[in-house]
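J.: Sequence and predicted structure below; questions after.
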Amino acid sequence: MSAAESLTVPKTIVLVGLMGAGKSCIGRRLATALGLDFVDADAEIEAAAGCTVEQIFESHGEAAFRDGEKRVITRLLGQPPHVLASGGGSFIDPATREAIRAGGISIWLRADLDILLRRTGRRNNRPLLKQGDPRAILQDLIEQRYPTYAEADITVDSADGPPEVTLNRVLDALKTYLDSQAKGAAE
Ligand code: S3P
């Protein structure tokens with residue numbers, strides 16, 4: 001058993017942060033390291049709706065997407081502990097954030113603008129980034145959302161290098177967090 005597998009994770013770990021922060025990439029690796037299942041919230045929403053996130057935005061609008069997102073994440077939080085990559089806007093919705101606060105351990109993957117821009121530029125599937133200049137949109141989202149992401153239980157800087165670097169930071173931060181929770185409970 002690896003050191004990470006020996007960590008007892010009492011609740012689902014929810015990765016939050018902007019598009020391109022690495023929530024799915026790190027989430028998958030984190031799940032493997034902890035011996036847990038990995039679930040991607042956007043993929044679950046697509047499976048439930050029978051169409052892509054982009055099609056939901058186009059046909060029903062962002063508000064309908066947020067509603068579906070809230071239902072899917074609340075349902076997933078009711079399942080046994082796993083690693084959940086949430087969509088970038090989910091933690092910004094107050095009800096979804098409260099559900100995550102109550103039922104999960106949130107980890108904000110914080111990344112700077114250039115990293116986000118480069119990583120999101122690899123795929124053309126984010127409706128919000130098609131509404132204008134992606135750099136300006138991401139900069140606005142950083143200003144609007146970072147104060148809220150900062151409410152996550154744990155913050156980790158997403159490294160501009162191999163995923164293993166960020167993964168190890170996440171594992172270290174998670175261990176520190178779980179140790180402090182256990183200490184708090186024992187006091
Ligand atoms: C969104 C992020 C996307 C997806 C949707 C909206 C956002 O998920 O949920 O396009 O509001 O930041 P990723 O963060 O997984 O790209």
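T.: Thanks, I have the structure now. Numbers count the residues shown, from 1 in each chain.
J.: buried residues in the one helix or strand Ile73 maps to?
T.: Using DSSP states H and E, Ile73 sits within helix 62-77. For helix 62-77, a neighbour-count test (16 or more other Cβ atoms under 10 Å) marks 65-66, 68-70, 72-74, 76-77 as buried. (Glycine included, C-beta is placed from N, CA and C.)
J.: ok, it near the ligand or not?
T.: No - judged by Cβ under 6 Å from any ligand atom, helix 62-77 stays clear of the ligand, getting no closer than 6.7 Å.
J.: Show me what that helix is in contact with.
T.: 12, 14, 39, 41, 44-45, 48-49, 53, 56-57, 82, 84, 86-87, 89-90, 93, 95-96, 99-100, 102-104, 127 (Cβ atoms under 8 Å, 6 or more residues apart in numbering).
J.: Among those, which ones lie close to the ligand?
T.: 53, 87, 89, 127.
J.: how close does Asp67 get to Thr96?
T.: 10 Å (Cβ to Cβ, to the nearest Å).
J.: Write out the residues of the protein neighbouring the ligand.
T.: Taking Cβ under 6 Å from any ligand atom as the measure of proximity, the chain contacts the ligand at 19, 23, 42, 53, 87-89, 126-128.
J.: change it to 8 Å
T.: 17-21, 23-24, 40-42, 45, 53-54, 57, 62, 65, 69, 85-90, 92, 120, 125-128, 141, 145 (Cβ under 8 Å from any ligand atom).
J.: buried subset of the contacts of helix 62-77?
T.: Among the contacts of helix 62-77, those scoring as buried are 12, 14, 39, 41, 44-45, 49, 53, 56-57, 82, 84, 86-87, 89-90, 93, 96, 99-100, 103-104 (criterion: 16+ other Cβ under 10 Å).
J.: what's downstream of the helix holding Ile73, the next helix or strand?
T.: strand 83-85.
J.: Got the confidence number for Met1?
T.: On pLDDT, Met1 comes in at 61.
J.: meant to ask about Glu5
T.: The confidence metric pLDDT takes the value 69 at Glu5.
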